[in-house]
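Novice: Here is the input, now give the coordinates:
(2 chains)
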Amino acid sequence: MELKKEKDLELEKARHSLAHVLAKALVSLYPDTKLTIGPAIEDGFYYDIDLDHSITPEEFDKIEKKMKEIINKGENFVKKVVSREEALELFKNNPYKEELINDLPLDEEVSIYYTGDDFFDLCRGPHVESCRNLQNYGFKIHSINGAYWRGSEKNKMLQRVYCYAYKTKKELADHIAMLEEAKKRDNRKLGKELKLFMISPEGPGFPFYLPNGMIVRNQLIDYWREIHREAGYKEIMTPIMLNRHLWETSGHWDHYKDNMYTSIIDDDTYAIKPMNCPGGVLVYKNEPHSYRDLPLRMGELGLVHRYEKSGELGGLLRVRSFTQDDAHIFMTPNQVKDEIKGVVDLIDRVYKVFGFTYHAELSTRPENSMGSDEDWELATDALRQALDELKLDYIVNEGDGAFYGPKIDFHLVDAIGRTWQCGTIQLDFQLPQRFELEYVGEDGEKHRPIMIHRVIYGSLDRFIGLLIENFAGAFPLWLAPEQVRVLSLTERNNDYAESIKKQLFNEGLRVESDTRNEKIGYKIREALSMKVPYLIIVGDEEEKNNTISIRGRGFENKSGLILSDFIDRLKNEIKTKKI
RNA sequence: GCUGAUGUGGCUUAGCAGGUAAAGCACUGCCUUGGUAAGGCAGAGAUCACGGGUUCGAGUCCCGUCAUCAGCUCCA
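Specialist: Next comes the predicted model:
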């Protein structure tokens, strides 16, 4: 079902009214301020202004104080409908407002809102009645950033003042506390602390995987291979560089050559692959196909490189080289819907294993796209039908599809609530045409297959980044880099500790021992801060009775356990991928 | 790429009227052999991101470069 976002209208109205209060404060403090727009957003509101003076965070207090002054005056918000000409006259010194007025549909009334006699702003409303209605609200200016006028990098960059706003001061405090808490799970911070990955200035956006991160990554890959084998996929690997001719044929050269890394070999230009699909297509073309081969599902863990602008990089969530858990499915037209459903189902299953909640988005035909209207309509309908038949909720992004076809994206949320595209299913009528792919049908004639591009994790790198944040670094046992640590109480118990480690190791568990000359509290502290799921603690007592004591997440101490029982328990927990 | 901020030993940070670097953790050694989140002592470790400039003197001021962070733009 197509979703429309639900809104708390009262809160939104108040936030927008507070944006006017902010505007009034800014104009009174900085008379040269040119106001543009100031909408309510997820956690408050912002106002974009054009002002030569760069506002600094030190000035936030002053602005907030001014806002409080304005609110405490208790002035009313008063609407006044004006003619287009009057409006243009009122805002004749503000080219932004003039542009907005001129862009209003001719049949729409133009209105301004007064806040007191000395301030008005172009606005369709609605607003709260009076500033008195805002007195209980908690708000806090939290950042000042650049933002392009009307969201286009061709336009002037304005200053955007961001402000949190909630119905009560308590709700505001809670929100701020939540963000503070969220910072602790940041993939960059935990990646460093838990020694999962690093990014070096020698390669901005090109992540290095450290031994711990490599274990998580390989576990994800093992799981991926297992479920894809079950779902009837074959796995291939295609070259990291291919010549320019290929990228011209695929259309990527035209659309993305500025974002591709190239090199010259024997006088021919080669590009490092930014996508795996042309490689997959060449594999398909390597031999003739019968309708009996279809659907043909070919997976590839493909390392791709894309030039992302420097300001767009961030931890593992936005990088310049990443591994897509890609697959291309070649099929007949009447297999399309089932294949899409199969993939959606696979994504849903996988995300549940990690305890992720997600939302889906359907993106339709963009402006600079290839292909006929009929193909696009057909492809978009197929995706929509699959979503509807699976009763999955989704939002629609008009014009947001890939240049070769519409897509369904699956988005996950990071620690501070930003959403990231991970899984995606893209229908493609273009590549099969451009590469003249064929199969022989039941009728003995040649037909053109339809192609799906799809990823489940999206990029392993981004997915790992989100996993780190989702679990706050405390991975479930099957993913944990170190699953068990054996701690000896005194040096007398070191041999016993080592023998236990050996037995766990021989059972295939990832186990380490800590036999250093340190107090047990110290060793425990260190193991817990590294988020090791299970600790085994052995002293004279355990050694005498040939038992172990354990400590894990959610419980402090269980003693007198038999090692083999514990091993069974661990194996079961790993097998079921318990979270 | 754009706007703004930041950049001090492995990590987290202090030092900001400019006078040649401070602490905790981690590390090494010694003492301690201790039952569930930090035992004690000692030691080693930094050309203060890089390159210029101002100054008798720069981690501290100015300019440039690089990187990081937030947001914008972009994301096949």
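Novice: what about the closest residue to residue A:166 other than its chain neighbours, distance to residue A:178?
Specialist: Distances taken as C-beta to C-beta, 6 or more residues apart in numbering place residue A:172 nearest to residue A:166, at 4.4 Å, with adjacent residues excluded. Glycine gets a C-beta too; all of them are placed from N, C-alpha and C. Counting by C-beta to C-beta, to the nearest Å, the gap from residue A:172 to residue A:178 is 11 Å.
Novice: what's in contact with stretch A:88-97?
Specialist: A:34-37, A:50, A:82, A:98, A:101-102, A:112, A:120, A:122, A:149 (C-beta atoms under 8 Å, 6 or more residues apart in numbering).
Novice: residues touching the residue nearest to residue A:166, list them.
Specialist: A:138, A:139, A:140, A:164, A:165, A:166.
Novice: Quick check: it is in a helix.
Specialist: Yes - according to DSSP: H, G, I helix; E, B strand; the rest coil, residue A:172 belongs to a helix.
Novice: which bits of the stretch 351-500 of chain A sit near RNA strand B?
Specialist: Residues of the stretch 351-500 of chain A that fall close to RNA strand B, judged by C-beta under 7 Å from any atom of the strand: A:402, A:403, A:416, A:418, A:421, A:424, A:426, A:453, A:489, A:490, A:491, A:492.
Novice: Separate out the buried members of these.
Specialist: Buried subset of those (neighbour count, 16 or more other C-beta atoms under 10 Å): A:402, A:403, A:421, A:424, A:426, A:453, A:489.
Novice: Just give the closest residue to the first one, not the sequence neighbours.
Specialist: By that I understand residue A:402. residue A:426 (5.5 Å).
Novice: what residues are up against the one you found?
Specialist: A:401, A:402, A:404, A:405, A:406, A:407, A:452, A:453, A:454.
Novice: In the host helix or strand of it, which residues are buried?
Specialist: Element membership of residue A:426, judged by DSSP states H and E, is strand A:419-428. Within strand A:419-428, the residues that count as buried by 16+ other C-beta under 10 Å are A:420, A:421, A:422, A:423, A:424, A:425, A:426, A:427, A:428.
Novice: Now for the third one: which residues touch it?
Specialist: In this structure, residue A:422 makes contact with A:358, A:410, A:411, A:412, A:455, A:457, A:458, A:459, A:462, A:463, A:466, judged by C-beta under 8 Å, 6+ apart.
Novice: Helix, strand or coil: sort out the residue in the stretch 1-150 of chain A positioned nearest to RNA strand B for me.
Specialist: Taking C-beta to the nearest atom of the strand as the measure, the stretch 1-150 of chain A has residue A:146 as its residue closest to RNA strand B, at 2.7 Å. For residue A:146, the reduced secondary structure class is strand; criterion used: three-state DSSP.
Novice: Nearest to the spatial middle of chain A, which residue is it?
Specialist: residue A:420 (1.6 Å; C-alpha atoms, centre = their mean).
Novice: In strands only, show me the contacts of residue A:422.
Specialist: A:410, A:411, A:412, A:455, A:457, A:458, A:459 (DSSP state E).
Novice: Most proximal residue of the stretch 351-500 of chain A with respect to RNA strand B?
Specialist: Counting by C-beta to the nearest atom of the strand, the stretch 351-500 of chain A gets nearest RNA strand B through residue A:490, at 3.1 Å.
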